[in-house]
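Asker: Structure of the sequence below:
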Amino acid sequence: MNFLLNRMSMMHQKLDHEIKNETERRLPDFVRLMRLKKLRLAVKDRIARRIKRWSIQTQQ
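Answerer: The predicted structure follows:
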């Protein structure tokens, strides 16, 4: 479980970095930027679901 959260967190950081690099380009590719942001949000949602599921399991 911890490994999975760590891996998703690293992916989220990598996407943050890619988004930052893309926005700093002279002519950013807005389609790529939107795709990266959607993917980052999906990863964030998966992290939140895992944490919620983990906290429910530990309370039982």
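
Asker: The residue nearest to residue 43 when sequence neighbours are not counted: what's it in contact with?
Answerer: Distance criterion CB to CB, 6 or more residues apart in numbering; nearest residue to residue 43, sequence neighbours excluded, is residue 12 at 4.9 Å. C-beta: built from backbone N, CA, C; applies to glycine. Residues near residue 12 by CB atoms under 8 Å, 6 or more residues apart in numbering: 40, 43-44, 47.

Asker: what's the next secondary structure element after whichever strand or helix holds residue 12?
Answerer: Following DSSP states H and E, one finds residue 12 within helix 2-24. Downstream of helix 2-24, the first helix or strand assigned by DSSP H and E is helix 30-59.

Asker: From residue 25, how far off is the most centrally placed residue in the chain?
Answerer: Nearest to the geometric centre of the chain sits residue 12, at 3.1 Å (CA atoms, centre = their mean). Residue 12 is 21 Å from residue 25, where distance means CB to CB, to the nearest Å.

Asker: Residue 4: how many residues sit nearby?
Answerer: Residue 4 has 12 neighbours, counted by other CB atoms under 10 Å.

Asker: pLDDT score for it?
Answerer: Listed pLDDT for residue 4 reads 90.

Asker: Next, the contact list for it, please.
Answerer: residue 50.

Asker: again, but for residue 8
Answerer: 43, 46-47, 50.

Asker: which one is it nearest to, not counting chain neighbours?
Answerer: Nearest to residue 8 is residue 47, by CB to CB, 6+ apart, at 5.1 Å.

Asker: circling back to that earlier point, by how many degrees do the helix holding residue 12 and helix 30-59 diverge?
Answerer: Orientation check (axes from the mean of the first three to the mean of the last three CA atoms, to 10 degrees): helix 2-24 against helix 30-59 gives 160 degrees.
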